[in-house]
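Asker: Build me a model from this:
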Amino acid sequence: MLQSMTGFGKANYEDDIRTINVEIKSLNSKNFDIRLKTPPTYSEKEILLKNELSKNLVRGKVECTIELENKQGKSDSFIDKNAVNNYYNQLKDIVVSNNNNDLGKTDIYQIIMRMPEVVKSKKDEIDPQEWQLVLETTQKAIADIQNFREQEGKVLQDDFNSRISLIDNLLSELEPFEKQRTIDIKNRLIKNLEKLSEIDYDKNRLEQELIYYFEKLDITEEKVRLKNHCKYFLETIGEKISAGKKLGFISQEIGREINTIGSKANNYNIQKIVVQMKDELEKIKEQMMNVL
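Answerer: Numbers count the residues shown, from 1 in each chain. Predicted coordinates for the structure are as follows:
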């Protein structure tokens, strides 16, 4: 079953101690590109979280945000008093040496609070129970975005089925124009030769040349290959695992056969059908960018 690379999923956990919120967004991309936002405490777990996301989401530009809120009012951040005092003494000396009486104590502290290493995070060890809750909540968010992707994929699959079937139907419409094309070309050549009354020609040789000419214009092989490619495309859509890259390669082969038929057309009606086929295939290729 097809899956879209575009999706959104979220999950949350809440108890008396904490609230955990996880949101995952994904867009189409040739590879797996992850942007992970976690609390500073969980920086050491980012590799494990990225592996979990990569294993399940496979491909796409993914953004995952994990937020933790402590309900007990405890903060992981604190003000380093030694750093504040050090900055204050240095700034005070600068104020005095420059005779800047406009800068008061409050102004100095406002400057200090924006300086590096003033506000720090506690490097406490991660609570194993909390980590398990974070991981489980992330897995639920992954399941949610996968469900979203599957729903989007079903819409894409229905659209592809419709367009490939239309290309297949258009293929069957070529046959009557092929027969008429042969008659028209033959009559046109003979009529032009008859205008040249002073030139005598070998009718048997003409038939041989016409046969050679029609063989070069014959599109039987292209039609057979195009029909097989369309069948293979539909079979691949029905596979259990979404195969966007594989479908992309098959659509290229479909386009190659359609183009060859167009180059051999030599007939307005055939060319008109080829244009319709190309239009449907182009719409498929546009949507193919979103397939996982």
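
Asker: From here on, just use CA atoms for contacts and neighbour counts.
Answerer: Fine.

Asker: which element is residue 162 on?
Answerer: Secondary structure assignment for residue 162, by DSSP states H and E: helix 128-172.

Asker: Can you name every helix or strand that the helix or strand following that helix contacts?
Answerer: Following helix 128-172 in sequence order, the next helix or strand is helix 175-195 (DSSP H and E). Under the contact criterion of 3 or more CA pairs under 8 Å, 6 or more residues apart in numbering; DSSP states H and E, helix 175-195 touches helix 268-288.

Asker: Buried residues in the helix it packs on, which are they?
Answerer: 269-271, 273-274, 277-278, 280-281, 284-285, 288 (16 or more other CA atoms under 10 Å).

Asker: Same check on stretch 161-178?
Answerer: The neighbour-count criterion (16+ other CA under 10 Å) identifies 163-164, 167-168, 170-171, 174, 178 as the buried residues of stretch 161-178.

Asker: Any idea how many residues pack against residue 107?
Answerer: The tally of other residues near residue 107 (other CA atoms under 10 Å) stands at 10.

Asker: check which helix or strand covers it.
Answerer: Using DSSP H and E, the element containing residue 107 is helix 105-112.

Asker: and the closest residue to residue 21 other than its chain neighbours, which of the three is it?
Answerer: Distance criterion CA to CA, 6 or more residues apart in numbering; nearest residue to residue 21, sequence neighbours excluded, is residue 12 at 4.4 Å. At residue 12 the chain is in strand, as set by DSSP: H, G, I helix; E, B strand; the rest coil.

Asker: which residues in the stretch 1-150 of the chain form helices?
Answerer: With helices called from DSSP state H, counting those that start in this stretch, the stretch 1-150 of the chain shows them at 46-57, 81-97, 105-112, 128-172.

Asker: can you redo the ones you listed as a markdown table with mean pLDDT and distance to residue 228?
Answerer: Output for the helices of the stretch 1-150 of the chain, formatted as a markdown table (pLDDT from 0 to 100; distance: least, CA to CA, whole Å):
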| stretch | mean pLDDT | distance to residue 228 |
| --- | --- | --- |
| helix 46-57 | 95 | 31 |
| helix 81-97 | 83 | 73 |
| helix 105-112 | 81 | 72 |
| helix 128-172 | 95 | 10 |
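
Asker: between those, which gets nearest to residue 229?
Answerer: helix 128-172 (9.8 Å; CA to CA).

Asker: The closest one versus helix 46-57: what angle between them?
Answerer: Helix 128-172 and helix 46-57 meet at an angle of 30 degrees, taking axes from the mean of the first three to the mean of the last three CA atoms, to 10 degrees as the criterion.
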